[in-house]
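1. just to be clear, the model below is a prediction. Sequence and coordinates:
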Amino acid sequence: MHIHFIAIGGSAMHNLAIALKNKGFVVSGSDDEIFEPSLTRLKQHDLLPKQQGWHPENLHKGIDAVILGMHARAENPELLKARELGLRIYSYPEYLYEQTKNKTRVVIGGSHGKTTTTSMVMHVLKYHNFDFDYMVGANIEGFDTMVGLNNTSKLAVFEGDEYLSSPIDLRPKFLHYKPNIALITGIAWDHINVFPTFEGYVEQFKLFAQSIEPGGSLVWFGGDGLLKNIAAQLGSKTKSYAYSALKSTLQGRQTFVETPNGQVEVGVFGEHNLQNMAGAKQVCELLGIGAEAFFEAIASFNGSSRRLELIAENEHTSVYYDFAHSPSKLKATTEAVKSQFPDRELIAIMELHTFSSLKKEFLPQYNACMSAANRAFVYFNPQTIAHKKLEMISADEVKNAFGGGVEVFTDADQLFDLIGKINLTDVTLLIMTSGNFSGKDIKIIAKSLMG
C-alpha cells in the first residue's frame with residue numbers, strides 16, 4: 001500500500017505517517033511548512049519531504065490512498081490532482097477508522113480532559129500487556145509515537161476530537177470512529193470559529209453519542225447536566241454508565257485515592273484528574289480490567305506531556321506547564337494547583353492563542369476563570385490576531401473580560417522579564433498555553449527561574 005499525506009507536518013498527521021510506515025506501508029508526503037518536533041521525527045523515519053511546498057507531480061495512479069490534513073486548503077494543488085486522478089481521499093480520522101473497523105473501538109471525547117483520560121486508559125492497558133492500536137493528542141511515557149497501528153490487535157483506543165476533519169470534510173473528527181465504547185468527560189463551549197452557537201456545539205456531542213455501535217456503551221461524567229440529557233435520549237441499544245470523581249485525601253503534597261483495598265498513592269492531582277481517573281476506570285472495567293488491577297496500574301501513571309507537567313522545581317518553588325486555553329480548562333487547572341499547594345502563592349500565566357480565545361465576542365466566557373490564582377497574567381500577540389484575520393482586541397478589553405485584576409501583556413519579553421524579577425519563594429508558577437508565547441522555550445525559562 002502506498003499512502004500519500006497532504007500536510008504531513010501536522011501533529012496527528014506525522015504520527016499517523018510514522019505509524020503506517022512502521023506497519024509496512026509505503027509512505028510519502030508534502031507540506032509547505034514543517035516545524036519541530038515534526039521535522040526531526042519525520043527526518044528520523046526518512047519521511048521528511050525532499051522539498052517544501054505542494055507538488056502535483058507527487059500524485060500518480062500508483063497511490064492507493066491520500067490522507068488530507070487540516071493545514072491544507074480546499075484548493076491545494078495536490079488535492080486537485082488527486083481528485084483529477086480519481087484517488088481515494090481520506091481525512092486522518094476516516095483513515096484511522098478504515099484501519100480499525102474490524103476492532104473494538106474505544107473513543108474518549110469531551111471539551112476537557114480527553115487527552116489525560118485517554119492516556120490513563122492506554123497506560124493501564126500497556127501495564128497489563130494488552131495489544132491495542134491507539135491515537136492520543138500528547139506524548140505519553142512508554143509510547144514512542146502518538147499513533148500506533150498493528151495487524152494483530154483487536155482493540156483500538158482513540159482520543160476523540162470535536163474539531164473539523166479536513167478542509168473538504170467539515171464533520172467533527174469523532175463522528176468517524178463509530179465507537180463500541182465512548183466516554184465524554186464534559187461539555188464546555190469551544191471552537192467558536194466552527195461552532196458559533198453553544199447549541200450547535202452541544203449538538204456535536206449528541207451526534208457522537210448516537211454514533212455508538214448497537215450494543216455499545218456510553219460512559220459519561222455524572223456532574224454534567226448536558227451529558228445527563230444526552231444519555232437519557234439514547235435508546236436501549238446503548239448501555240449508559242455515569243461516573244463521578246474518585247474519593248481522595250491529600251497527605252502533604254501526595255494524593256491518595258480510596259479503593260476497595262485501601263488507599264493508593266497516585267501521581268496526578270486535582271478534582272478534574274480524579275474525574276478523569278474515574279472515567280478511565282469505568283472504561284477499563286468494560287474491557288475486563290477489574291478495580292484492583294486498575295489501581296495497581298494507575299499508581300505508576302504520571303500524566304502526559306503539557307497536562308499539569310512539572311517542568312522545574314526547587315525546595316520553595318514548583319513550575320507547572322499545561323495545555324489549558326479554554327475557560328473551563330483554565331478554571332479547573334488553576335483550582336487544582338491551588339488545592340495542591342494551599343500554603344503557597346499561586347501565580348498563573350496564560351496565553352490567548354486559539355481562534356476562539358482571540359474572538360472579541362468569546363472573551364466574556366473567561367470571566368473569573370483564573371480567580372484561584374493570587375496573581376494572574378494574560379498574554380496575547382496582536383500579530384496572531386492579524387494572522388487569523390480577526391477583529392483586533394485591546395489589553396483593556398481582555399482585562400475587563402477576565403476581571404479579578406489580571407495583568408495583561410502583549411510583549412512576551414516584558415512579561416517574562418517581570419516574572420524573573422518576582423521573588424518566587426513559596427510560590428507555585430502555572431504556565432498555560434496551547435501555543436508557545438510567540439516562540440519562547442518555556443522549559444528553559446522555567447529552569448532559569450530556579451536560579
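-> Good, I have the coordinates. Numbers count the residues shown, from 1 in each chain.

2. and stretch 15-35, end to end?
-> Stretch 15-35 has an end-to-end distance of 14 Å (Cα to Cα, to the nearest Å).

3. buried ones in that stretch?
-> By neighbour count on 16 or more other Cβ atoms under 10 Å, the buried set for stretch 15-35 is 15-20, 22, 27-31, 34. Any C-beta I mention is one placed from the backbone N, CA and C, and that applies to glycine too.

4. just to be sure, which of those residues are found in helices?
-> 15-20, 22 (DSSP state H).

5. I'd like the average pLDDT over stretch 170-179.
-> The pLDDT scores in stretch 170-179 average 97.

6. work out the gap between it and the centre of the chain.
-> 16 Å (Cα atoms, centre = their mean, to the nearest Å).

7. that older thread, now, among the ones in helices among the buried residues of stretch 15-35, which is nearest to Glu271?
-> Glu271 has its nearest neighbour among those in Asn15, at 30.5 Å by Cβ to Cβ.

8. show me the helices in the stretch 251-400 of the chain, by range?
-> 271-286, 291-298, 327-340, 382-387, 395-402 (DSSP state H, counting those that start in this stretch).

9. give the buried residues for the fourth one.
-> The reference is to helix 382-387. Using 16+ other Cβ under 10 Å as the burial criterion, the residues of helix 382-387 that qualify are 384-385.

10. and it, how far out from the chain's middle?
-> Helix 382-387 sits 23 Å away from the centroid of its parent chain (Cα atoms, centre = their mean).

11. for it, packing partners?
-> Helix 382-387 sits against no helix or strand, with contacts defined as 3 or more Cβ pairs under 8 Å, 6 or more residues apart in numbering; DSSP states H and E.

12. repeat that for the first one.
-> Under the contact criterion of 3+ Cβ pairs under 8 Å, 6+ apart, helix 271-286 touches strand 104-109, helix 114-127, strand 181-184, strand 217-221, strand 239-243, strand 254-259, helix 291-298, helix 327-340.

13. what residues sit buried inside it?
-> 272-284, 286.

14. picking up where we left off before, quick one, which of the helices and strands packed on helix 271-286 gets closest to Lys388.
-> Minimum separation from Lys388 across these (Cβ to Cβ) falls at helix 327-340, 18.8 Å.

15. want to throw the helices of the stretch 251-400 of the chain into JSON lines with mean pLDDT and distance to Tyr320?
-> Converted to JSON lines, the helices of the stretch 251-400 of the chain look like this (pLDDT from 0 to 100; distance: least, Cβ to Cβ, whole Å):
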{"stretch": "helix 271-286", "mean pLDDT": "96", "distance to Tyr320": "12"}
{"stretch": "helix 291-298", "mean pLDDT": "96", "distance to Tyr320": "20"}
{"stretch": "helix 327-340", "mean pLDDT": "93", "distance to Tyr320": "6"}
{"stretch": "helix 382-387", "mean pLDDT": "92", "distance to Tyr320": "24"}
{"stretch": "helix 395-402", "mean pLDDT": "96", "distance to Tyr320": "20"}
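
16. using CSV, lay out the ones you listed together with distance to Leu59.
-> As requested, the helices of the stretch 251-400 of the chain are exported to CSV (distance: least, Cβ to Cβ, whole Å):
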stretch, distance to Leu59
helix 271-286, 40
helix 291-298, 45
helix 327-340, 40
helix 382-387, 29
helix 395-402, 45
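
17. so for Ile311, which of those sits nearest?
-> Going by Cβ to Cβ, the one of these nearest Ile311 is helix 327-340, 13.1 Å.

18. need the outlier residue of the protein, farthest from its centre.
-> Lys61 (35.8 Å; Cα atoms, centre = their mean).

19. the helices and strands packed on helix 271-286: which one's closest to Gln383?
-> Taking the helices and strands packed on helix 271-286 one by one with Cβ to Cβ, helix 327-340 is closest: 22.8 Å.

20. could you give the angle of the closest one to helix 271-286?
-> When axes from the mean of the first three to the mean of the last three Cα atoms, to 10 degrees is applied, the directions of helix 327-340 and helix 271-286 differ by 100 degrees.

21. need the residues that contact helix 327-340.
-> For helix 327-340, contacts defined as Cβ atoms under 8 Å, 6 or more residues apart in numbering pick out 111-112, 186, 188, 250, 253, 255, 269-273, 308, 320, 322-324, 346, 348, 350, 365-366, 368-373, 428, 430, 432.

22. got a ChimeraX select line for the buried ones in these?
-> The ChimeraX command for the buried members of these (criterion: 16+ other Cβ under 10 Å) is given here:
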select :111,112,186,188,255,269,270,272,273,308,320,322,323,324,346,348,350,365,366,369,370,371,372,373,428,430,432
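
23. could you list which of the contacts of helix 327-340 belong to strands?
-> 250, 255, 320, 322, 346, 348, 350, 428, 430, 432 (DSSP state E).

24. in a markdown table: these, plus distance to Phe294 and pLDDT.
-> Output for the ones in strands among the contacts of helix 327-340, formatted as a markdown table (distance: Cβ to Cβ, whole Å; pLDDT from 0 to 100):
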| residue | distance to Phe294 | pLDDT |
| --- | --- | --- |
| Leu250 | 21 | 86 |
| Thr255 | 16 | 91 |
| Tyr320 | 26 | 96 |
| Asp322 | 25 | 93 |
| Leu346 | 31 | 98 |
| Ala348 | 32 | 98 |
| Met350 | 33 | 97 |
| Thr428 | 30 | 97 |
| Leu430 | 29 | 97 |
| Met432 | 29 | 96 |
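
25. nothing else from me, thank you.
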